[in-house]
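**Student:** My questions are about this predicted structure, shown below with the sequence.
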Amino acid sequence: EVQLVESGGGLVQAGGSLRLSCAASGFTWHENSIGWFRQTPGKEREGVSCLNMIDGSIYYADSVKGRFTISSANAENNAENTVFLQMNSLEPEDTAVYYCTADYSDCGDLQAFRFWGQGTQVTVSS
């Protein structure tokens, strides 16, 4: 069973930083892509970033380029691996629930990924 568990959200002032973590288990690490979405009430869901574990390619939304960095840490036994989203120079517009998502596909299919975590709230105060 695929499980994605996010952590690291919280309240931060504008200009500050947060690092989100997504603990991923239940699938073969190098045969999938893992990404982050964010959702704000009344707004369309936005794909923020994606890491393709197959070829190492990375996607960032224009709204976060230069401020957010996605990376991964692989466990030796492949039982549980972690994907991070380092968020710097945060702005009030970054306030949202951030969801980790994954699938056996490349990042071009990010909108259709099947596996989701429960989400973690990020609030940026002005």
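**Tutor:** Nice, I can see it. Numbering: from 1, shown residues only.
**Student:** Counting neighbours, what do you get for the nearest residue to G8 once chain neighbours are set aside?
**Tutor:** Take G8 and drop its neighbours on the chain: the residue closest to it by CB to CB, 6 or more residues apart in numbering is L20, 4.2 Å away. (Glycine included, C-beta is placed from N, CA and C.) As a burial measure, L20 scores 23 neighbours (other CB atoms under 10 Å).
**Student:** Let me see the ranges of the strands in this structure.
**Tutor:** Secondary structure of the chain (DSSP state E): strands located at 3-7, 10-13, 18-25, 33-39, 46-52, 58-60, 68-73, 80-87, 96-103, 115-116, 120-125.
**Student:** D109 is nearest to which of the ones you listed?
**Tutor:** Proximity to D109 (CB to CB) singles out strand 96-103 among the strands of the chain, at 6.7 Å.
**Student:** Just to check, A73 is in contact with F84?
**Tutor:** Yes - the criterion here is CB atoms under 8 Å, and A73 meets it with F84 at 7.2 Å.
**Student:** So which of the two has more stuff around it?
**Tutor:** The neighbour count for A73 versus F84, taken as other CB under 10 Å, is higher for F84 (17 against 11).
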